[in-house]
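1. fold the following and give me the result.
(one chain, ligands or ions: 1)
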Amino acid sequence: MRIDVITLFPDMVEQVVNYGVVGRAADRKLMYLQCWNPRDYTVDKHRTVDDRPYGGGPGMLMKVQPLEETIQAVREKNPLAQLIYLSPQGKPVNQAMLAKQVGTQSVIFLCGRYEGVDERLIQKEVDQEWSIGDYVISGGELAAMVCIDAMARLIPGALGHEQSAQQDSFSEGLLDYPHYTRPEEYKGMEVPEVLMNGNHQHIEDWRERQSLGRTWQRRPDLLELKVLDDRQQALLNDFKDEFK
Ligand SMILES: C[S@@+](CC[C@H](N)C(=O)[O-])C[C@H]1O[C@@H](n2cnc3c(N)ncnc32)[C@H](O)[C@@H]1O
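-> Take a look at the predicted model:
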């Protein structure tokens, strides 16, 4: 997958490929990241990328010209990719959106700074706007890094053989089940017996029941979107009975 990121802080974003799963995806050539700095596409001697907003008010805005020329340069390398502006006003990012983007094998992220970017640039160039949550951060870089990390997990071959993104929360529309590792007993708290009896069917049932139950307890909105088969409905009913 090819990922281009337009940012005033390329050093910050490039860090994302130095660690963990994203690092492994990059090492295995499953993901290629290139950052582009709009400051390199300015035309004045001060390399100005921002200016004051018309109508007054606090803060500065990113100017159209350096961004547009950066985008043109990126599109020469990555002509078919969707250009996604990371913005608190965008669509909240979810696993399905990320998986769909991974399926296209490419993306261009635009990171805003200051009060954001001139609206005309958004109208002219941006295909989608994505938000990482209902809060405002100082720039799109961290948002881009969140999306890059989450996408890397979804690229086939990026996770170790023993791991699978299919078991992560949200991949099947449910939250993940609880996990335990050694020791068997820690300060009086024990690992559930079923996980240690070696019966794979019992373990699978327990995990699915926990996954359904947790989603019911913590994210009932997700369950409303999911169609459960008879077995899953029975497991969920069983879980609910315990809380009556
Ligand atoms: C300080 S913010 C600008 C906020 C803008 N004035 C507003 O209130 O909608 C600067 C940049 O950070 C990024 N950003 C801030 N919050 C974000 C969020 N929740 N999701 C994605 N990007 C965000 C965007 O790229 C934005 O242009």
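2. residues of this structure that sit close to the ligand?
-> 86-89, 111-113, 115-116, 131-133, 135-140, 143 (Cβ under 6 Å from any ligand atom). (Each C-beta comes from the backbone N, C-alpha and C, glycine too.)
3. and the residue of this protein closest to the ligand?
-> The ligand sits closest to residue 112 of the chain, with a gap of 2.0 Å, by Cβ to the nearest ligand atom.
4. helix/strand/coil for the residue nearest to the spatial centre of the chain?
-> Nearest to the geometric centre of the chain sits residue 147, at 3.1 Å (Cα atoms, centre = their mean). Classification of residue 147 by DSSP: H, G, I helix; E, B strand; the rest coil places it in helix.
5. residue 102 now?
-> Under three-state DSSP, residue 102 falls in the helix class.
6. ok, now which ones touch it?
-> Contact partners of residue 102, counting by Cβ atoms under 8 Å, 6 or more residues apart in numbering, are 1, 151, 154-155.
7. buried stuff in the helix or strand harbouring residue 240?
-> Assessed by DSSP states H and E, residue 240 sits inside helix 230-242. Across helix 230-242, burial judged by 16 or more other Cβ atoms under 10 Å covers 232, 235-236, 239.
8. you'd agree residue 68 is up against residue 125?
-> Yes: Residue 68 is within contact range of residue 125, at 6.7 Å (criterion: Cβ atoms under 8 Å).
9. could you count how many residues lie near residue 149?
-> Neighbourhood size, residue 149 [other Cβ atoms under 10 Å]: 17.
10. which pLDDT value goes with it?
-> With respect to pLDDT, residue 149 scores 98.
11. ditto for residue 57
-> As predicted, residue 57 sits at a pLDDT of 94.
12. state the helix or strand in which it lies.
-> Using DSSP H and E, no helix or strand contains residue 57.
13. please list all residues in contact with the nearest residue to it once chain neighbours are set aside.
-> Nearest in space to residue 57, with sequence neighbours left out and distances taken as Cβ to Cβ, 6 or more residues apart in numbering, is residue 115 at 8.0 Å. Residue 115 makes contact with 53, 57-61, according to Cβ under 8 Å, 6+ apart.
14. need the max-distance pair from the residues you listed.
-> Longest distance between any two of the contacts of residue 115 is 11.0 Å, between 58 and 61; criterion Cβ to Cβ.
15. looking at the two, which is more packed in?
-> Neighbours were tallied for residue 58 and for residue 61 using other Cβ under 10 Å; the higher tally belongs to residue 61 (21 against 8).
16. verify the stated contact: residue 105 with residue 2.
-> Yes: counting by Cβ under 8 Å, residue 2 is a contact partner of residue 105 at 6.8 Å.
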